[in-house]
Each structure stands twice: as structure tokens, then as C-alpha cells.
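J.: Fold the following and give me the result.
(one chain, ligands or ions: 1)
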Amino acid sequence: MRYLQDMTFSDVAKLIKEMGQPAYRAVQLYKWIAQGALYSEMTNVPNSLIESLVGEGYGDCPIKILDTFTSKIDGTIKLLYALGDGNIIEGVLMKYKYGNTLCVSTQVGCRMNCAFCASGLDGLVRNLSCGEIIGQIIAVNKLFGNGRSVTNVVLMGSGEPLDNYDNTVKFLTAVSEDEGLNISKRNISLSTCGLCDKIYKLCDDGYSPTLTISLHAPSDDIRAKIMPVAHRYPIGEVIDAAKYYFNATGRRVIFEYSLIDGVNDSKDCALELVKITKGMSCHINLIRLNSVKERGLKGTSDIKVKAFLKVLTDKGVSATIRRTLGSDIDGACGQLRRRYISEGGNV
Ligand code: SAH
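T.: Sure, this is the predicted structure:
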């Protein structure tokens with residue numbers, strides 16, 4: 001099945017022209033799909049056009065919300081989505097002062113196999129299409145409507161966005177289209193484990209989302225123990241790619257650093273982190289590891305997290321501790337989906 005959500009506005013405009021329809025029909029259709037309208041709800045689009053689209057194999061809805069779980073502590077909402085082929089992915093909707101941030105998945109599963117992450121436990125199942133990525137935002141806006149519509153997007157759900165490069169960059173274009181969701185490029189963050197060649201490509205292809213790099217260690221030996229990708233791209237190359245990205249886009253790079261008890265949380269690690277980021281325009285986001293049952297690693301204690309932060313800030317490094325949201329609804333990414341599947345659909 002093909003979907004209009006898989007297309008940028010110019011692709012839809014081209015399709016509509018090829019179908020012999022006036023140009024304004026493309027605008028109408030693109031607006032409707034951004035609102036999550038089904039064909040039956042597109043009141044100003046003639047039936048004949050909809051029949052032609054269906055005849056050419058275009059469906060109207062690539063992804064549906066299967067279930068939602070709301071945190072009693074902070075109102076964070078966890079979402080389970082069903083894809084057309086029966087696969088399930090998850091997402092998180094977080095409320096901040098400046099708006100609503102949706103954490104979006106780019107793959108079913110992941111092949112990066114980081115030692116602390118639930119998403120890679122089953123390996124990569126498949127890439128998500130552009131329509132399935134943007135469809136997560138559209139479905140949330142449709143369900144929660146005004147007041148909770150998505151203003152910011154982080155590609156931090158399951159999957160490695162740069163390992164699904166073509167669909168991810170098409171998504172980056174589609175999500176900011178004036179005729180569609182029109183979410184500002186400034187409000188989109190892409191998180192990567194550090195696939196350096198793709199960071200250069202992203203930049204050279206003219207994309208400039210906020211780049212977040214999952215560093216999680218200040219040296220290759222520690223990083224390689226928890227992130228297999230470190231064997232392919234040493235830390236020096238990751239830092240060089242981050243500098244290149246900043247110089248080309250003017251966007252400050254963010255490093256994610258999940259603190260794992262006894263692995264990467266010593267004072268020496270903090271000092272080493274200061275050294276490798278010296279002189280860079282970057283920010284470090286510290287987060288206490290969310291324990292993942294199958295992975296057997298523990299988060300650093302709150303006191304040690306604060307001490308780690310102090311070493312960084314005392315040395316003039318821009319760093320903050322990321323707030324944990326939704327801890328009562330299974331914070332660790334990937335866990336909800338696994339539980340749903342292993343318990344036969346009952347979370
Ligand atoms: N593949 C992308 C997106 C992954 S998820 C990437 O590697 O950046 C987004 C962030 O959550 C990453 O920084 C990832 O390393 C982190 N993460 C994964 N599992 C975690 C856990 N159990 N606790 C804390 N952070 C985790």
C-alpha cells in the first residue's frame with residue numbers, strides 16, 4: 001500500500017498534476033492528511049479524485065494508535081501504535097512549558113544493540129516509512145486535539161534515524177511543509193548513536209535539525225563496552241563530525257550521556273568528557289540510566305549524577321540533568337512494546 005503521508009508536498013503536487021487535476025487539489029489533500037482525515041472525511045475533495053487515488057493504491061492511514069497510558073505523576077502519555085503489517089511501535093508525549101514534545105520512532109527494533117537499550121533486544125525488524133514516522137504525529141494531534149497538539153519532535157523512540165536515512169530525511173522535509181504540519185525545523189531534534197558518515201551527509205544534503213549525539217562515554221574503551229557502533233566510529237571521529245555539523249549549520253550539538261552505575265560515572269570520566277568537548281559549542285544532557293530488565297545495568301545514584309554534573313559545570317561546560325518523565329508508566333524506551341507483545345496484547 002502507498003500513502004500520501006509518504007510524500008513531500010511537491011511529490012503530491014506532481015501526482016495531482018499527472019492525474020489531470022487542478023493544483024489546488026494537492027493543497028486540499030495535503031492539509032487533510034496532516035489533520036489525520038480519512039478519505040470519507042475530506043468533504044471538499046470530489047469522490048472521483050478519491051476513487052482514482054484508491055485505484056492507484058493510495059491508502060489514507062498508515063498507522064493507528066492502539067493504546068495510551070497516562071502518568072499520574074506528570075501527565076506524560078505513553079502511546080502504542082499499530083502499523084499496517086501488525087508490527088507495534090511506541091512513543092511518548094511530554095508536556096513542557098514551551099509546548100508538547102512527541103518522541104517518535106524511526107524503526108521497528110534497532111540494529112545498533114547498545115548494551116543499555118531495550119529497542120535493540122530483538123535486532124532490527126524493519127525501517128519505518130516516512131508516512132509511518134509522520135503518521136505518529138498526525139495520529140497524536142487527531143486524538144488529543146487542541147491544547148496538546150505536537151509542537152516539538154524528537155527522533156528518540158526506537159530505532160537509529162540515520163540507519164533509515166532516506167525515510168528520515170523525507171520526514172524532515174514533510175514535517176515542516178507549509179501546507180502540512182508546518183512544524184519549524186528548529187523544533188525537530190534528531191538523535192543518533194554517531195553514524196559519522198551519515199552526519200556529514202545530512203549536513204551536506206542541506207538538513208539542519210538539532211543534532212543530538214548519544215555519546216555515553218568519554219573514551220573508546222568504555223564506549224565500545226556499551227555501544228558496538230564505537231568499533232566502527234571512534235570517539236575522535238564522532239567529535240569531528242559534531243564540529244563539522246556545528247560549523248555548517250550554526251546549530252549547537254547536544255551530547256546525550258546516560259549515567260550507568262560503575263561504568264561511565266566516575267570523576268575521571270567527567271574530567272575526560274570536559275577534555276574531549278573543550279572549545280566546542282555544545283551542550284551535555286545527563287540522564288540517569290533507566291534500568292532495562294533484560295540488560296542488567298543500573299542507573300547511577302542521584303547524588304553521583306549531581307556530582308558528575310558539578311565537575312562539568314565547574315569546568316565551564318554547558319550541561320544539565322534531564323528530568324525523568326513518566327516513570328510510573330515504564331520510562332525505558334522499548335519496554336512497553338516488548339511487554340505488550342510478550343503478554344499477548346495485555347499490558
Ligand atoms: N538511535 C538513536 C535514538 C535512540 S533513543 C540514538 O542512539 O541516539 C534516544 C536516547 O535514549 C539515546 O541517547 C539512547 O542512548 C538513550 N537510551 C536508550 N536506552 C536508555 C536507557 N535505558 N536509559 C537511558 N537512556 C537510554
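J.: Specify the local secondary structure of the closest residue to the ligand within the stretch 1-150 of the chain.
T.: In the stretch 1-150 of the chain, the residue that lies nearest the ligand is residue 117 (3.6 Å; C-beta to the nearest ligand atom). From N, CA and C alone the C-beta is placed, and that goes for glycine too. Classification of residue 117 using DSSP: H, G, I helix; E, B strand; the rest coil returns coil.
J.: can you count the residues close to it?
T.: When neighbours are counted by other C-beta atoms under 10 Å, residue 117 registers 24.
J.: likewise residue 97?
T.: Quick note: residue 97 (other C-beta under 10 Å) scores 4 neighbours.
J.: same deal with residue 51?
T.: Neighbours of residue 51 (other C-beta under 10 Å): 11.
J.: quick one on the thing from earlier: thinking the residue of the stretch 1-150 of the chain closest to the ligand is in contact with residue 111, fair?
T.: No: shown here, residue 117 and residue 111 do not form a contact pair, counting by C-beta atoms under 8 Å, at 11.6 Å.
J.: what residue lies at the spatial centre of the chain?
T.: Compute the mean C-alpha point of the chain, and by C-alpha atoms, centre = their mean the closest residue is residue 155, 1.2 Å away.
J.: Tell me who's in contact with that residue.
T.: Counting by C-beta atoms under 8 Å, 6 or more residues apart in numbering, residue 155 touches 104, 106, 133, 161, 168, 188-191, 209.
J.: Which one of the residues you listed is nearest to residue 215?
T.: Using C-beta to C-beta, residue 191 is the member of those that lies nearest residue 215, at 11.1 Å.
J.: That closest one sits in which helix or strand?
T.: strand 188-192 (DSSP states H and E).
J.: helix or strand right after that strand?
T.: Counting by DSSP H and E, what follows strand 188-192 is helix 196-204.
J.: roughly how far out does the very next helix or strand once past that next one sit from the chain middle?
T.: As assigned by DSSP H and E, the chain's next helix or strand after helix 196-204 is strand 210-214. Its chain's C-alpha centre and that of strand 210-214 lie 10 Å apart, by C-alpha atoms, centre = their mean, to the nearest Å.
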